[in-house]
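Visitor: predicted model, plus sequence, below.
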Amino acid sequence: MDFWLAIIIIVAITQVARVMRSRHAAQARIEGLRGDSAETAALAREVAALNTRIAVLERIVTDNRSSRDLAHEIDALRDR
């Protein structure tokens, strides 16, 4: 085998290895971003649930009801 041919083969193998390493790193980053989007969706659902709970509490507080009705409604909401 010629000396220059050996050099070319070594350089080609090195470059292929770099491309494969870069591709693997990029796929790992993409998987990481997908995990973040799932976490973001879960957090968005939790925020929506908390907003609903706040709206219920605001409605309970602002309605003109007796304290007995208020206690009954709070107990009913706890049972859900």
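Guide: Nice, thanks for sending it over. Numbers count the residues shown, from 1 in each chain.
Visitor: distance between the strand or helix carrying I8 and the chain's centre?
Guide: Taking DSSP states H and E as the criterion, I8 maps to helix 3-62. Distance of helix 3-62 from its chain centroid, counting by C-alpha atoms, centre = their mean, to the nearest Å, is 9 Å.
Visitor: low-confidence stretches in the chain?
Guide: Within the chain, the segments meeting pLDDT under 70 span 35, 64-67, 80.
Visitor: run the last query once more with 80
Guide: For the chain, the stretches with pLDDT under 80 are 1, 31-39, 60-75, 78-80.
Visitor: thinking again about what came up before, send the alpha carbons of the next helix or strand after the helix holding I8 over as PDB?
Guide: Sequence-wise, the next helix or strand downstream of helix 3-62 (DSSP H and E) is helix 67-79. Extracted in PDB, the C-alpha atoms of helix 67-79 (Å, rounded to 0.1, in the frame of the first residue of the first chain):
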ATOM      1  CA  SER A  67     -70.700  31.000  56.500                       C
ATOM      2  CA  ARG A  68     -72.600  27.700  56.800                       C
ATOM      3  CA  ASP A  69     -73.100  27.500  53.100                       C
ATOM      4  CA  LEU A  70     -69.400  28.400  52.600                       C
ATOM      5  CA  ALA A  71     -68.300  25.600  54.900                       C
ATOM      6  CA  HIS A  72     -70.600  23.100  53.100                       C
ATOM      7  CA  GLU A  73     -69.300  24.100  49.700                       C
ATOM      8  CA  ILE A  74     -65.600  23.800  50.800                       C
ATOM      9  CA  ASP A  75     -66.300  20.300  52.200                       C
ATOM     10  CA  ALA A  76     -68.000  19.400  48.900                       C
ATOM     11  CA  LEU A  77     -65.000  20.600  46.900                       C
ATOM     12  CA  ARG A  78     -62.600  18.600  49.100                       C
ATOM     13  CA  ASP A  79     -64.600  15.400  48.300                       C
END
